[in-house]
Every structure is written in C-alpha cells, then in structure tokens.
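Quick one: sequence and predicted model below, then my questions.
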Amino acid sequence: MNRSMGLLVIVGGVVVIVVGLLIYSGGLGWFGRLPGDIRYESGGVRVYIPIVSMLLISVALTIIFNLLRRFF
C-alpha cells in the first residue's frame with residue numbers, strides 16, 4: 001500500500017508541474033475563452049461565468065480519477 005500511495009503522489013506532483021508550466025508559458029491562453037463561457041462587462045461591473053471551461057475540467061478530472069481508481 002505504501003508503494004502505490006507513493007507512486008500516486010509522484011504522478012500527482014508531475015501533473016501539477018506540467019499544468020504549472022503550461023500556465024506559465026501561455027499554453028493555456030485559450031482556456032477561459034471558450035464558446036459558452038459568459039462574460040459581461042458594463043461600466044465598473046464585470047461578471048465572468050466559465051461554464052464550458054468548468055465542464056471541460058470536470059470531464060477531464062472524472063476520466064483521470066476513474067483511470068487512477070481502476071489501476072490503483
């Protein structure tokens with residue numbers, strides 16, 4: 001059990017590093033500007049509701065967690 005938990009922590013760390021590098025390099029500049037994300041700006045009011053972006057994250061995390069559960 002300790003070995004599989006260690007591997008899970010290492011994989012999680014690598015995923016966080018890769019996502020961080022993508023954000024830092026601008027590789028995720030399209031994220032948050034998808035069709036279906038709601039933006040409203042008027043005067044001093046800004047409202048941003050990233051519906052499609054959050055759905056994309058939800059689907060990706062569901063797939064990742066189901067794969068991890070299957071293999072660990």
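Received it, and whenever you're ready, just let me know what you need.

After the one helix or strand I10 maps to, heading C-terminal, what element do we hit next?
Using DSSP states H and E, the secondary-structure element containing I10 is helix 2-25. From helix 2-25 onward toward the C-terminus, using DSSP H and E, the following helix or strand is strand 38-42.

Neighbouring strands - and their directions - for that next one?
Strand partners for strand 38-42, identified by DSSP bridges, are recorded as strand 45-49 (antiparallel).

who does whatever helix or strand comes next after the partner strand touch, helix- and strand-wise?
Once strand 45-49 ends, the next helix or strand along the chain (criterion: DSSP H and E) is helix 51-71. Contacting helix 51-71 under the criterion 3 or more Cβ pairs under 8 Å, 6 or more residues apart in numbering; DSSP states H and E is no other helix or strand. In short, each C-beta sits where N, CA and C put it, glycine included.

Could I get the buried residue list for helix 51-71?
Residues of helix 51-71 classed as buried by neighbour count (16 or more other Cβ atoms under 10 Å): S53.

what's the angle from that helix to helix 2-25?
Between helix 51-71 and helix 2-25, the angle formed by their directions is 160 degrees, by axes from the mean of the first three to the mean of the last three Cα atoms, to 10 degrees.

What's the mean pLDDT across helix 51-71?
Over the span of helix 51-71, the pLDDT mean works out to 88.

Contacts for that helix, please.
Counting contacts by Cβ atoms under 8 Å, 6 or more residues apart in numbering, the residues outside helix 51-71 that touch it are L8, V11, F31, G32, L34, P35, G36, D37, I38.

Just the buried residues of the residues you listed.
For the contacts of helix 51-71, a burial check counting by 16+ other Cβ under 10 Å picks out D37.

The contacts of helix 51-71 into TSV, with extra columns for distance to S25?
Putting the contacts of helix 51-71 into TSV (distance: Cβ to Cβ, whole Å) gives the following:
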residue	distance to S25
L8	26
V11	21
F31	13
G32	16
L34	19
P35	24
G36	25
D37	22
I38	27
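
and the chain, what are its domains?
Structural domains assigned to the chain are 1-30, 34-72, following automatic domain parsing.

what separates the most centrally placed residue in the chain from E41, distance-wise?
In the chain, the C-alpha closest to the average C-alpha coordinate belongs to I57, at a distance of 4.8 Å (Cα atoms, centre = their mean). Relative to E41, I57 is positioned 24 Å away (criterion: Cβ to Cβ, to the nearest Å).
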